[in-house]
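> model this:
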Amino acid sequence: MGELTTTVTHPLSDVDAAVRAALANEGFGVLTEIDVDGVFRAKLGIERSPLKILGACNPNFAHDALERDASAALVLPCNVVLESLDGSTTRVTIADPEQMMPAENMSDLTADARARLARVIAAL
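Down below sits the predicted model:
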């Protein structure tokens with residue numbers, strides 16, 4: 001799977017705030033949030049390092065994509081994964097919209113979304 005990724009030397013909580021701010025600067029909001037390690041702890045009794053999945057969405061892109069092809073809903077929102085590698089290092093990975101929606105009729109839209117998400121990664 002294609003992705004945009006970076007590793008930063010800041011704890012996950014700090015990176016979470018920075019990612020949300022960078023997404024907002026690019027017109028994205030966070031619709032969903034999954035605390036994976038919290039769910040595993042509560043449901044399975046398993047301890048793991050912190051991992052959070054943010055469901056990021058740019059309403060204009062989402063509307064345009066759904067107008068072109070309703071099946072685009074299968075890949076909305078765009079996943080942004082924050083993974084604590086240790087207490088002071090966090091990896092941020094964002095699904096590449098061009099890889100997630102390779103259809104020709106989406107290419108202008110996914111290229112713009114990818115450029116914005118690449119700027120999010122660069123801002124970190």
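
> can you give me the strands for this structure?
Here the chain has its strands, by DSSP state E, at 3-8, 29-35, 51-57, 78-86, 89-95.

> so where is this protein shaky, pLDDT-wise?
Along the chain, segments meeting pLDDT under 70 span 1.

> Spell out for me which residue occupies the centre of the protein.
The residue lying closest to the centre of the chain (C-alpha atoms, centre = their mean) is Val80, at 1.8 Å.

> re the thing from before, make JSON lines from the strands of the chain and add distance to Ala18 to it.
(Each C-beta comes from the backbone N, C-alpha and C, glycine too.) Shown next, in JSON lines, are the strands of the chain (distance: least, C-beta to C-beta, whole Å):
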{"stretch": "strand 3-8", "distance to Ala18": "8"}
{"stretch": "strand 29-35", "distance to Ala18": "13"}
{"stretch": "strand 51-57", "distance to Ala18": "12"}
{"stretch": "strand 78-86", "distance to Ala18": "10"}
{"stretch": "strand 89-95", "distance to Ala18": "9"}
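
> among the ones you listed, which is nearest Ala21?
Closest of the strands of the chain to Ala21 is strand 29-35, at 10.9 Å (criterion: C-beta to C-beta).

> nearest to Asp112, of the strands of the chain?
Nearest to Asp112 among these is strand 78-86; the distance by C-beta to C-beta comes to 12.7 Å.
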